[in-house]
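Engineer: structure here, sequence nowhere to be found:
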């Protein structure tokens, strides 16, 4: 993949996630630079639905944008920078504040996979809490490298990390995979919330979730191809 293709993927993912209601005015997508593993590509600070290919710019792993001073960049670019630093296997990241997911970041009910398309959620742990590391009185944002570093450690080798009172972050080997996981994290939380109203849902077992993840990991591009056909502006 060349850099121009990577920039296009970020723009497309931004549009798709906005159309699916996974991001609104806030949230962001990135991918590791195709030629420079110590760099990543991410839009300047814009609502995802308004992102264009020309808005995507290069950042280093300290979160510094390769742009002229004064250009607006995302405050939480350190989420991306520190996960890329910690996880060589991660090639793309989505950060979302989806309303379906946020309630599960502030209650004791864990997020567990309820549907066969969501087996990747088997590894979700307790929500990351900025207050555990920065004390009371923060705005809950990951505004610096120190907080990005502890968030990356909290994610560990998982696919999704919940963030208390904030949202969640997904990672993947491709932009399509990270986008798929973001969309289906929100869907799973919608389904789980409904099922809990009826009683005690039967969740996927660990073995089922692992098998489902293996079965669907290669299917992310089927969903991606459909979503691009529905929502691409290129």
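Structural biologist: In hand now; what should we look at? Keep in mind it's a predicted model, so treat the numbers as computed, not measured.
Engineer: which SS class is the spatially most central residue of the chain?
Structural biologist: Note on the chain: the residue nearest the mean C-alpha position is residue 94, at 2.5 Å, using Cα atoms, centre = their mean. Secondary structure state of residue 94, per DSSP: H, G, I helix; E, B strand; the rest coil, is strand.
Engineer: for it, which non-adjacent residue is spatially closest?
Structural biologist: Leaving aside its sequence neighbours, residue 94 sits nearest to residue 182 (Cβ to Cβ, 6 or more residues apart in numbering; 4.1 Å). Every C-beta, even on glycine, is put in place using the N, C-alpha and C of the backbone.
Engineer: shaky segments in this structure?
Structural biologist: Residues of the chain meeting the criterion pLDDT under 70: 68-70, 233-234.
Engineer: okay, buried residues for the longest helix anywhere in the chain please.
Structural biologist: Assignment by DSSP state H gives helix 175-198 as the longest helix of the chain. Buried residues in helix 175-198, defined by neighbour count with 16 or more other Cβ atoms under 10 Å: 175-189, 191-192.
Engineer: got it, and stretch 74-92?
Structural biologist: For stretch 74-92, using 16+ other Cβ under 10 Å, the buried residues are 74, 76-87, 90-92.
Engineer: stretch 102-117 too?
Structural biologist: By 16+ other Cβ under 10 Å, the buried positions in stretch 102-117 come out as 102, 104-105, 111-115, 117.
Engineer: what is the nearest of those to residue 164?
Structural biologist: Closest to residue 164 out of the buried residues of stretch 102-117 is residue 105 (4.9 Å), distances taken as Cβ to Cβ.
Engineer: show me where this protein has helices.
Structural biologist: For the chain, applying DSSP H gives helices covering 3-19, 77-86, 131-134, 145-155, 175-198, 206-216, 220-231.
Engineer: these into CSV, with extra columns for distance to residue 28?
Structural biologist: Output for the helices of the chain, formatted as CSV (distance: least, Cβ to Cβ, whole Å):
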stretch, distance to residue 28
helix 3-19, 8
helix 77-86, 8
helix 131-134, 21
helix 145-155, 13
helix 175-198, 11
helix 206-216, 24
helix 220-231, 17
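Engineer: for residue 30, which of the ones you listed is the nearest?
Structural biologist: With respect to residue 30, and counting by Cβ to Cβ, the nearest of the helices of the chain is helix 77-86 at 4.4 Å.
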